[in-house]
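>>> quick check, what structure comes out for this input:
(chains A, B, C and D, ligands or ions: 4)
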Amino acid sequence: MSHISPVLWQFLVKWLTNFSLFPPEASKVAPQMDALYFFMVLISLVGLTVVILLIVSFSVLYNKKRHPVAVQIEGSTLLEATWTIIPLGLFLITFVWGALLYFRIYTPPANAMNIYVVGKQWMWKIEHPGGQHEIDALHVPIGRPVQLTIISQDVFHSFSIPAFRVKREAIPGRYTSVWFEATVPGTYHLFCTQYCGTNHSQMIGEVVAMKPDDFRQWLQGSTSGNSLAQDGERLFASLSCNACHNPRPDSRGPNLVGIYGSHLTLASGETVTVDDAFLRQAILNPSEHVTPGYAPIMPTYQGQISEEGVFALVEYLKHLDSDYRIQQTLNTTVLPADNEGSPAPGAKGSKAPGEVKQ
Amino acid sequence: MSEPNAHNEQGAEHEPHIVSPGTYAIILLVLLVATATTCGMSYIDLGEWHIAINLFGWHVGTTLFWNPVVALAIACTKMTLVVLFFMHIKYSSKLTKLTVISGFFIFLGLISMTLADYVSRAWGRW
Amino acid sequence: MSAATIVTLPDQATARIPKMNFLTKENGLLSWLLTGDHKRIATLYLISITFFFFIGGALAGLIRLELLTPQNDLVAADTYNKLFSMHGLIMVFFFLVPSVPATIGNFLMPMMVGAKDLALPKINLLSWYLYVIGGLMMLWTMCVGGVDTGWTFTTPLSTHYLNTHVVSAAMSVFVAGFSSILTGLNFIVTIHKMRCPGMTWFRLPLFVWSNYAASILMVLGTPVLAITLTLVALERIFHIGVFDPAFGGDPLLFQHLFWFYSHPAVYIMILPGFGVISEVISTFSRKRVFGYTAVAFSSVAIAVFGFFVWAHHMFIMGISNYSALVFSLLTMLVAVPSAIKIYNWAFTLYKGSITFETPMLYAIGFMGLFTIGGLTGVFLGATGTDIHLTETYFVVAHFHFVMVGGMLMSFLAGIHFWWPKWTGRMYPEKISQLAALTTFIGFNLTFFPQFILGTLGMPRRYAAYPPEFQVLNVFSTAGATVLGIGYLLPILYLTWSLKYGAIAGDNPWHATGLEWQTQSPPLTENFPEIPIMDHEAYDYEWLERMERKEVASV
Amino acid sequence: MSDSTAIAQGASAGAAPHGEHPSYQRHHFETVGQQFDATNFAMWIFLLTEVMFFGGLFTSYLIMRNWYYRAFVEGSHQLSILWGTANTTVLIISSFTMAMAVWSAQMRRKGALLLFLGLTFLLGIAFLGIKGIEWHEKWVKHHVPGIHQYSEQAFLNPASDPEVFKEYHDKPLSPGMAQKTEEYFFLYFAMTGMHALHMVIGVCLLVYIFIRARTGAYTNGHFTFVENFGLYWHFVDIIWIFLYPLLYLISRY
Ligand code: HEA
Ligand code: HEA
Ligand code: CUA
Ligand SMILES: [Cu+2]
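Ligands and ions are numbered 1, 2, ... in the order given. This next block holds a predicted model:
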């Protein structure tokens, strides 16, 4: 058979082995998304079937041969109302359902572990809190919510994991975030879905969801020696941030210990919550967020720190809760906690503003 | 061969209303005074108004500076005068009036809905 | 003064093409290039957009060929990017936006309202010239190397990261935009000011209503695109930025401004098509359109609401979640009027007396395909599912269903429907029915698999893709070939019919519109004398009475 | 853009005589009134497109102003209130003379028409002249973004050139913010430039109208073109009425 047309044969084989109508459901939100998707398929089928049924049956019943003289009809308010209200109702249901899902996907839970993602033409750089760097690959444990903090270094990109049904734009100059909880171990596609220039279609990679133990092993195996926070600490010293930000009483800059998660009142009267985005802004555009009691003397670091560097600084400042030295020794990477009760050091919100040790 | 009045919508306006020079002069005067006011006003600090709402832990707040608001209000008044009198809208057909209004409606839609996005970004953590 | 509109009986056996008509009035190239006659300008438009359609189609062919295999082996990634960018730009701005309004609309609008010409004939001609200038700029851009921004000109990619001909492409769209503004302006003025005696708003054919709605969108939306593209060009030339964050700008601002035009633009692209469908369905089922007022007002509702849903293209791009909520809700609301239309058309068939000539086949195809396209739009309008589906082939399939399955189908329906009026000759019926069927089959084969691809997660604008997506892509490419044939056929037989087609007579379809109550092809002045409208639109009983009367008087 | 509308309408006057109708009536209109109405309405629609055209710029301006308020204040203080106010006055008066020109045409007074057209023209030129002076100043100070090396030095903290710095009574800006003044000037040039472009088109049309008015073209009862041009001119005035407080008067106290 195969000698007749090898191309056709291959094609058939491929079809039979690879054909699927649906991507794998590998995250907690995937079945929820698919439920809505199927609901919409269903109402679409109903709507479409009605349209087709009407057309076909009228075409048969009232074609010229059967029905030579048309009967003029103005319209019908009742019918008009029917096909206004039913689709409207169905669309509103999809709206509410969709919105719930949307807020779920874009609102990370407090105990999520944080992984940083930098997009640039044309690769994804991933920074784990434990200092593991990855390029075009992302390793995550299953059964734990993972929050991605994403930024782009140049143009728009979009971080997409179809098997998890999540996707978020990487925007230059701004953090965005998305979260997921992988459920099935396996290797999945990672795509850049926003058109970003020549090699847009090469900006792809793999997401590897692993059992917690495997993940722990992977973390240990691929550590770079320093945790991200330690990288940050080095930067903090080498950029001489500590010349001004230090625990000395006469320091020129505010003490940054425990600042993460607290509420700051700025000189302009605004109150802000210190989060990743604020820290980034405070480092790159210090003049826009002046703390009362301090002169606006902090220089801008725009263009001097790479986005990965900013991530490292942010991660460092996040953990700065007692002293300017981080309580970590080299080679001890941040490991995810197995039980919900004790969130990992990287976990967001693990430290409510009240507990801040000053 | 034509029946002028059979045409819809234009019957009303064969002879456009002629506004008298006196009216124009008054409008000119008002416009000049308004310009002077705008200019003078900008040297006075009209203060600001803090709007702050605290809803279930959300801090929704902005500060409204009166100077630009007043300046823009005056500009809008000036515009209205120019449109009504210099551009004869006061004496125009309903259709033209409606056209102008709907144009500004869409214009405001563009500005307000875009700004609404920027403003509300601060409300959440997105 | 005639009391009733002119009706002359079609007598296809002995009919001759009238000696005096708009095509023969004057001869020579200049008489065409300097014409003020809306029907000649429509003809010029028809020729030029057909030209651009085939260029766009050829690019689509290359896209599909490249996607036959997972690797990027036919063309380099850069070339591929240029292919789809030029394909999108040409198809949208040089084919679909002017398609129905500037050709069929231009041809019919004055006749439908009972006027001798559009209100501003010179402006109309100017608009064609602007179109041509814009088109030449686009062709020039293509010849010197093309542009690879995608049709959406996404900043900061387009402003600072590409070294292709972004500025000339943007300016070409700018110029073409003004062409469409002027067409819209002309229509609005004509509809308001040029209606013949007795032509009240609710006697207007629905084609006029839907083009009116589209014109509002053109007039108020397009300028925003113009200024946005100007800013893109300035930013590129002077290296400063309102759109590039590296210079303190905001790329989302570009998105807001761009989509403020480009969402209404999708309704510019569909509303005139709705108009064609109304005319065709009514004529071939010999019935007044069911729920005339509802259909008329739904067009206007789409136009008004259509302005306020633009951010549904930006759900994952970092707009505020609250904003996403509002825009999603409005998107759902704007989908309803389309549903109203579809069901009203379906019910127009009820108790009609239906025949299935080619325009009707296209119209029925339209209803099925547009419903699918529109409903998948709702998938994208729901914020949650959009996260998964956006920027994948699901979107590509969605918009080809509405644009190609919707608008292109209705364009072809319209061209066939009014071809006898336009040229005085019939197109060959059997082969055109075959063409309609071919496009329908080819279309589904091309674009249906793309829904599945999108759901599986295949991103759009990919020159190479993971091998497991190949099977569906092969289907799609195969379908595109069939589709291409389906589109080549009409151009062949329509050209053929110019010389050999049967003489059509004035009103081969026994349609009620004013345009059918004058000779085919019409006089330059459209009507021997200005008609007086004394009946409702789609009043087939009136038509019958008139025809009977004429028979009696012969 | 705008001139084309007007030209095509103006050309209508040249149409061939047509039976009992006045020579300026185009053949496809039933009555002169219909013609007037249609062109007038068309002009309004056209102005709406212009509103949306500037709308994009205003939106960008508002967002940037909110983000970089300090830079916008400093940038704005670089403009001369005197020139700005003078220009506003000039433009408002020119709007008045234009309205009077339309009135003269309506009253069929050729002399007055020519006078007011002439005045409008002069005021238009005056506006452009003043604008030119202002732009020149920016050029000299290297405040034209993009063209030659943009100089944010003057706004900088610490200012590199104490002499320049003395001019500024406000607190100097941080480097990041100082750079954003470029954003202000970009929008300043985009907005006033787009406005000036409209003025230039208007002034050219005025010359055309003036020449034709001398032959009595608009004082024969057919003043549509003057009327429509008037609408255009007032529209351009309105844009400036908004540009003036937005660009010149940010936080002057
Ligand atoms: C002709 C063009 C056209 C038309 C008419 C539409 C119509 C619609 N579009 Fe589409 N759209 C595009 C062209 C068009 N679109 C293009 C070109 C893009 C991509 C741009 C790009 O990124 O390159 C796009 C992208 C696009 C997106 C963004 C996707 C993304 O990038 O994430 C969204 C999201 O909301 C959307 C939604 C809709 C909706 C809700 C409609 C609605 O108007 C549809 C309304 C119609 C119906 C709903 C069908 C009829 C209804 C029935 C028969 C009732 C059924 C009955 C029951 C339910 C009982 N479209
Ligand atoms: C009106 C709009 C319109 C029309 C009619 C079409 C028609 C077609 N489009 Fe297009 N398409 C768009 C608008 C349109 N498209 C837009 C806006 C985009 C997005 C661009 C972007 O991402 O920026 C897009 C993107 C797009 C893609 C996605 C590219 C990507 O994301 O990587 C694909 C892929 O299959 C595609 C395919 C097709 C096909 C097969 C047709 C077919 O229907 C075409 C059939 C016609 C023919 C095949 C022509 C037949 C004639 C010949 C072949 C002979 C030619 C001969 C000579 C010239 C002498 N289109
Ligand atoms: Cu990065 Cu596409
Ligand atoms: Cu849209």
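
>>> so whichever residue of chain C sits closest to ligand 1: helix, strand or coil?
Relative to ligand 1, the nearest point of chain C is C:G374 (2.3 Å; C-beta to the nearest ligand atom). All C-beta atoms are positioned from the backbone trio N, CA, C, and that covers glycine. When classified by DSSP: H, G, I helix; E, B strand; the rest coil, C:G374 comes out as helix.

>>> my guess is it contacts C:F399, does it?
No: counting by C-beta atoms under 8 Å, C:G374 stays clear of C:F399, with 10.8 Å between them.

>>> if we can go back for a sec, any idea how far the closest residue to the residue of chain C closest to ligand 1 other than its chain neighbours is from D:A112?
Nearest non-adjacent residue to C:G374, counting by C-beta to C-beta, 6 or more residues apart in numbering or on different chains: C:S338, 5.3 Å away. Distance, C:S338 to D:A112, using C-beta to C-beta, to the nearest Å: 56 Å.

>>> comparing these two, which residue is more hemmed in?
A direct count of neighbours by other C-beta atoms under 10 Å in any protein chain shown for C:S338 and D:A112 places C:S338 higher, at 27 against 17.

>>> where's that one, which helix or strand?
Per DSSP states H and E: C:S338 is located in helix C:321-348.

>>> check residue 78 and give its pLDDT.
This is for chain A. At A:L78, the pLDDT value in this model is 90.

>>> looking at chain B here, not the other one
Confidence score, pLDDT, at B:K78: 93.

>>> surely it meets B:L31?
Yes: here B:K78 reaches B:L31: they are 5.6 Å apart, a contact under C-beta under 8 Å.

>>> what do the two both touch?
Between them, B:K78 and B:L31 share no contacting residue under C-beta atoms under 8 Å, 6 or more residues apart in numbering or on different chains.

>>> list the contacts of the residue nearest to the spatial centre of chain A.
Central residue of chain A (C-alpha atoms, centre = their mean): A:V178, 2.5 Å from the mean position. Contacts here follow C-beta under 8 Å, 6+ apart; on that basis A:V178 touches A:105-106, A:108, A:147-148, A:150, A:159, A:166-168.

>>> what is the mean pLDDT for the longest helix anywhere in chain C?
Using DSSP state H, we find that the single longest helix of chain C is helix C:251-285. Helix C:251-285 shows a mean pLDDT of 94.

>>> elements contacting that helix?
Counting contacts by 3 or more C-beta pairs under 8 Å, 6 or more residues apart in numbering or on different chains; DSSP states H and E, helix C:251-285 packs against helix B:94-121, helix C:97-98, helix C:206-238, helix C:292-306, helix C:321-348, helix C:358-381, helix C:409-423, helix D:32-67.

>>> pick the most deeply packed of these.
A comparison of the helices and strands packed on helix C:251-285 by mean neighbour count, using mean count of other C-beta atoms under 10 Å in any protein chain shown, puts helix C:97-98 on top with a mean of 28.

>>> show me what contacts residue 54?
As the question left the chain open, I've gone with chain A. A:L54 neighbours (C-beta under 8 Å, 6+ apart): C:343, C:346-347, C:349-350.

>>> that's the wrong chain, I wanted chain C
C:I491.

>>> now it: phi and psi?
phi -70, psi -30 (degrees, to the nearest 10).

>>> before we move on, which element is the residue nearest the centre of chain B in?
Closest residue to the average C-alpha location of chain B: B:C76 at 4.2 Å, with C-alpha atoms, centre = their mean. Per DSSP H and E, B:C76 falls inside helix B:66-81.

>>> in that helix, which residues are buried?
B:67-68, B:70-71, B:74-75, B:78-79, B:81 (16 or more other C-beta atoms under 10 Å in any protein chain shown).

>>> for stretch A:88-104, same thing?
A:88, A:90-91, A:93-99, A:101-104.

>>> what's in contact with that stretch?
By C-beta under 8 Å, 6+ apart, stretch A:88-104 touches A:29, A:32-33, A:36, A:39-40, A:43, A:47, C:315, C:321, C:324-325, C:328-329, C:332-333, C:335-336, C:378, C:381-387.

>>> that older thread, measure the residue of chain C closest to ligand 1 to ligand 2 for me?
C:G374 sits 16 Å away from ligand 2, going by C-beta to the nearest ligand atom, to the nearest Å.

>>> now swap in C:H398 and tell me
11 Å.

>>> give me the nearest residue to that residue, chain neighbours excluded.
In space, C:H398 is closest to C:T376, 4.4 Å off (C-beta to C-beta, 6+ apart).

>>> OK, contacts around the one you found?
A:44, C:394, C:397-398, C:401, C:451.

>>> for the helix-or-strand element of chain C with minimal mean pLDDT, name the packing helices and strands.
Counting by mean pLDDT, DSSP states H and E, chain C has its least confident helix or strand at helix C:540-553, which shows a mean of 78. Using 3+ C-beta pairs under 8 Å, 6+ apart as the contact test, no helix or strand touches helix C:540-553.

>>> try it again with 10 Å
Applying 3 or more C-beta pairs under 10 Å, 6 or more residues apart in numbering or on different chains; DSSP states H and E, one finds that helix C:540-553 contacts helix C:251-285.

>>> tilt between the helix it packs on and helix B:94-121?
130 degrees (axes from the mean of the first three to the mean of the last three C-alpha atoms, to 10 degrees).

>>> helix C:251-285 and ligand 1, are they touching?
Yes: applying C-beta under 6 Å from any ligand atom, one finds helix C:251-285 touching ligand 1 at C:266, C:269-270.

>>> near ligand 3, list only the ones from the residues you listed.
Of the residues of helix C:251-285 next to ligand 1, not one also sits near ligand 3 (C-beta under 6 Å from any ligand atom).

>>> of all those, which comes closest to chain B?
Proximity of these to chain B, judged by C-beta to the nearest C-beta, is greatest for C:V266, which lies at 16.7 Å.

>>> what about the closest one, how many neighbours?
23.

>>> you'd agree A:V140 is in a helix?
No: counting by three-state DSSP, A:V140 is not part of a helix but strand.

>>> ok, for it, nearest residue in space, not its chain neighbours?
A:V146 (5.0 Å).

>>> thinking again about what came up before, could you check the angle helix D:32-67 makes with the longest helix of chain C?
Using the same axes, to 10 degrees: helix C:251-285 against helix D:32-67 is 150 degrees.

>>> hang on, A:Y188 is in a strand, isn't it?
Yes: A:Y188: assigned to a strand according to three-state DSSP.

>>> I'd say D:F155 and D:Y68 touch.
No: with contact defined as C-beta atoms under 10 Å, D:F155 does not reach D:Y68; the gap is 11.5 Å.

>>> so what sits against both of these two?
By C-beta atoms under 10 Å, 6 or more residues apart in numbering or on different chains, D:F155 and D:Y68 have these common neighbours: D:74-75, D:173, D:177, D:179-182, D:184.

>>> neighbour-wise, which one of those leads?
Going by other C-beta under 10 Å, D:T181 tops the shared contacts of D:F155 and D:Y68 with 29 neighbours.

>>> from D:A196, how far out is that residue?
21 Å.

>>> just say helix, strand or coil for A:K125.
A:K125 ends up strand, using three-state DSSP.
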